[in-house]
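Q: What follows is a predicted protein model with its sequence.
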Amino acid sequence: MDRIHIMWFVTVGLLLTSWRPYVFAAPNCARVVAMLPPCWGFITGQDPSEFCCSSIKNLEDMGKTKEDRVAMCNCVKQVSRIVSYDPKRITVLPKKCGLDSTFPPIDQEYDCKEYVSFFPHNHSSFIVKFYDWLDKDFTTLYYYVFENY
């Protein structure tokens, strides 16, 4: 083989070994927001339900990278613009559900880029179980997110 062919094979080999077969997009805001209704009772003062803890575990699975967690944080931040809640309650939610992760106190002023360890994975059958939990405020939020993303 001449040098051109060898260089060509080396170049193709390097490209193939560095190629990533999958590109993962940041978590979809609609999916993140759909995980929140079961935890609404906790955020407003009650104990977390079993459905809430399942949602938090799922959100935690969705936040695999820092970029994912920042994107998810920004989704929750949008919720804080529509529905009022105590952001300090968010910080204790993982512990109440027996998880090791931590959530920041996300409110309208929170800088999601600071956030490093946090959020939750989507199961559509689970989402169907709590659609009746959606009240007027959360329905408004749900449509707001779908219309803007």
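A: Now that the structure is in, tell me what you want to look at. Residues are numbered from 1 along each chain as shown.

Q: What is the least confident helix or strand in the protein?
A: helix 124-129 (a mean of 37; mean pLDDT, DSSP states H and E).

Q: next SSE after the helix or strand that contains residue 72?
A: Assessed by DSSP states H and E, residue 72 sits inside helix 66-82. Going down the chain from helix 66-82, the next helix or strand is helix 87-96, by DSSP H and E.

Q: show me where the chain has helices.
A: Assigned by DSSP state H, the helices in the chain fall at 3-18, 29-34, 40-43, 50-62, 66-82, 87-96, 124-129, 136-148.

Q: Which elements pack onto the longest one?
A: If you count contacts as 3 or more CB pairs under 8 Å, 6 or more residues apart in numbering; DSSP states H and E, helix 66-82 packs onto helix 29-34, helix 50-62, helix 136-148. In short, each C-beta sits where N, CA and C put it, glycine included.

Q: Show me which residues of stretch 95-102 are buried.
A: The neighbour-count check on stretch 95-102 (16 or more other CB atoms under 10 Å) flags 97, 101 as buried.

Q: do stretch 37-47 as well
A: 37-40, 42-43.

Q: Which member of these is positioned nearest residue 59?
A: Proximity of the buried residues of stretch 37-47 to residue 59 (CB to CB) peaks at residue 39, which lies at 9.4 Å.

Q: distance of the residue nearest to the closest one when sequence neighbours are not counted from residue 70?
A: Leaving aside its sequence neighbours, residue 39 sits nearest to residue 52 (CB to CB, 6 or more residues apart in numbering; 4.0 Å). Using CB to CB, to the nearest Å, one gets 23 Å for the distance from residue 52 to residue 70.
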